[in-house]
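Visitor: This is the structure alone, sequence omitted:
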């Protein structure tokens with residue numbers, strides 16, 4: 001088991017990574033379980049697959065479980081679902097000193113985390129991520145949010161968990177498509193700041209996706225260490241350091257918006273395609289070599305992730321995608337920062353990107369290679 005600290009002073013916590021953690025969840029989380037009944041907010045699919053293990057562990061620790069199930073998919077990150085969840089938590093008598101367990105992927109973690117951030121001005125929560133994407137990205141760092149009609153994650157709060165338990169065994173039931181989508185966030189850490197990790201993934205990526213234990217453990221632990229370091233240096237993204245984690249996301253969120261935040265394009269798939277677009281646009285500007293841009297594209301394609309927007313069948317042009325980008329929460333003074341690349345492992349924040357040029361670039365990409 002790897003235990004990785006996220007060092008944030010009084011908001012510090014640990015991320016435990018390994019097999020069999022659900023069977024020992026209560027012992028790991030015991031300092032945060034003060035009441036007889038523990039409230040659990042869980043993805044419906046995750047609860048069906050792993051709820052019995054968590055329940056038994058909590059009962060072995062002398063507690064009962066009350067569960068609130070959330071439907072899978074981005075549609076659950078809504079005002080309506082947030083209101084229903086808060087009403088349920090209030091009915092459970094949750095107090096400011098209590099902790100709620102969030103079990104599932106990024107949707108549940110974001111929704112539950114935001115509810116805990118605002119319930120009685122803030123109560124605690126424990127993350128039990130059951131998808132690869134959540135284990136390496138959304139469960140760590142304290143970003144919580146819901147979506148609105150205007151865009152993704154536009155209403156939210158920074159609210160750090162008290163503990164993260166990333167059980168590798170939960171990935172055994174994850175559909176291959178979702179595992180690949182999570183791999184995109186793993187690959188992101190190599191592309192943005194660790195060329196040696198990128199090279200390791202070039203050789204071992206298939207083993208990660210095939211869920212070989214040693215490769216999976218190494219990939220998740222390396223990713224979490226990278227994110228923990230960045231979050232510790234720039235918790236609230238007030239400097240450019242944490243912004244690097246948005247590599248692929250500005251392009252990706254626009255594609256998600258155009259596809260209706262639906263299963264037509266999963267979040268991780270949009271990030272994968274967004275990284276390819278960021279690399280190609282960087283090469284177009286002469287910042288990155290075409291060879292490195294091609295390597296990023298090849299790394300995405302090798303795992304079976306989308307790497308050409310022309311294959312999405314979108315009925316729009318580049319201007320429409322740029323319109324979605326203008327709704328991005330990072331927009332500041334009419335300027336939208338982009339994460340671009342000088343090479344693999346050399347991401348940086350660019351604050352002078354011409355959105356009209358982005359629209360022309362996307363027109364070319366939509367037309368296909």
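Guide: Received, thanks. Treat the numbers as computed from the prediction; the structure is a model and nothing was measured.
Visitor: okay, CA-based contacts and neighbour counts for the rest of this
Guide: Fine.
Visitor: For the protein, which segments count as strands?
Guide: For the chain, applying DSSP state E gives strands covering 2-6, 13-18, 37-43, 64-70, 99-104, 124-129, 143-148, 151-158, 163-167, 338-341, 347-350.
Visitor: between the ones you listed, which gets the lowest average pLDDT?
Guide: In terms of average pLDDT, strand 151-158 trails the rest of those, at a mean of 92.
Visitor: relative to strand 143-148, how tilted is it?
Guide: Orientation check (axes from the mean of the first three to the mean of the last three C-alpha atoms, to 10 degrees): strand 151-158 against strand 143-148 gives 140 degrees.
Visitor: partner strands of strand 151-158, parallel or antiparallel?
Guide: strand 143-148 (antiparallel) (DSSP bridges).
Visitor: What residues of the strand it pairs with count as buried?
Guide: 143-147 (16 or more other C-alpha atoms under 10 Å).
Visitor: do the same with stretch 350-368
Guide: For stretch 350-368, the neighbour count (16+ other C-alpha under 10 Å) marks 355, 358-359, 361-363, 365-366 as buried.
Visitor: neighbouring contacts of that stretch?
Guide: Defining contact as C-alpha atoms under 8 Å, 6 or more residues apart in numbering, one finds that stretch 350-368 is touched by 281, 308-311, 317-319, 321-322, 335-340.
Visitor: Which two of these have the greatest separation?
Guide: The widest separation within the contacts of stretch 350-368, taken as C-alpha to C-alpha, falls between 311 and 335 and amounts to 29.4 Å.
Visitor: Hmm, residue 291 and residue 343 touching each other?
Guide: No: at 9.5 Å, residue 343 does not count as touching residue 291 under the criterion of C-alpha atoms under 8 Å.
Visitor: More neighbours: these two, which one.
Guide: In this view residue 343 and residue 291 are compared by other C-alpha atoms under 10 Å, and residue 343 has more residues nearby, 23 against 11.
Visitor: Now the buried residues of strand 143-148 in a markdown table, please, with extra columns for distance to residue 217.
Guide: Formatted as a markdown table, the buried residues of strand 143-148 follow (distance: C-alpha to C-alpha, whole Å):
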| residue | distance to residue 217 |
| --- | --- |
| 143 | 24 |
| 144 | 25 |
| 145 | 28 |
| 146 | 30 |
| 147 | 31 |
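Visitor: With respect to residue 8, which of those is nearest?
Guide: residue 143 (14.0 Å).
Visitor: and that closest one, how far is that from residue 112?
Guide: 11 Å (C-alpha to C-alpha, to the nearest Å).
Visitor: Please apply the same query to residue 104.
Guide: Taken as C-alpha to C-alpha, the span from residue 104 to residue 112 is 10 Å.
Visitor: any idea which residue sits dead centre in this structure?
Guide: The centroid of the chain falls nearest to residue 138 when counting by C-alpha atoms, centre = their mean (3.4 Å).
Visitor: who's in contact with that residue?
Guide: Counted by C-alpha under 8 Å, 6+ apart, residue 138 has contacts 106, 109-110.
Visitor: Can you tell me which one of the residues you listed carries the smallest pLDDT value?
Guide: Among the contacts of residue 138, residue 106 has the lowest pLDDT, at 95.
Visitor: which residue packs closest to the residue in the chain sticking out farthest from the centre, ignoring adjacent ones?
Guide: The C-alpha centroid of the chain is most remote from residue 62, which lies 32.5 Å away (C-alpha atoms, centre = their mean). Among residues not flanking residue 62 along the chain, residue 36 sits closest, at 7.4 Å (C-alpha to C-alpha, 6 or more residues apart in numbering).
Visitor: does that neighbour really touch residue 64, like I thought?
Guide: Yes: between residue 36 and residue 64 a contact is recorded at 6.1 Å, counting by C-alpha under 8 Å.
Visitor: between those two, which one's more packed in?
Guide: Neighbours were counted for residue 36 and for residue 64 using other C-alpha under 10 Å; residue 64 has more, 17 against 13.
Visitor: can you map out the helices along the chain?
Guide: Remark: helices assigned in the chain by DSSP state H are 25-29, 44-60, 79-91, 106-118, 132-133, 176-193, 195-209, 213-233, 240-243, 249-258, 267-284, 290-302, 318-325, 355-367.
Visitor: Can you check which of the ones you listed gets nearest to residue 159?
Guide: helix 106-118 (5.7 Å).
Visitor: Provide the angle between the direction of that closest one and the direction of strand 143-148.
Guide: Using the same axes, to 10 degrees: helix 106-118 against strand 143-148 is 110 degrees.
Visitor: what's the residue lying closest to residue 169 once chain neighbours are set aside in contact with, if anything?
Guide: Computed as C-alpha to C-alpha, 6+ apart, the closest residue to residue 169 that is not its neighbour in sequence is residue 19, at 5.4 Å. Shown in contact with residue 19 (C-alpha under 8 Å, 6+ apart): 1, 167-169.
Visitor: Next, residue 19: phi, psi?
Guide: Taking degrees, to the nearest 10, you get phi -90, psi 150 for the backbone angles of residue 19.
Visitor: which residue packs closest to residue 15, ignoring adjacent ones?
Guide: Residue 15 sits nearest to residue 164 (C-alpha to C-alpha, 6+ apart), 4.6 Å away.
Visitor: So which of the contacts of stretch 350-368 is surrounded by the most neighbours?
Guide: Among those, the one with the most neighbours (other C-alpha under 10 Å) is residue 340, at 27 neighbours.
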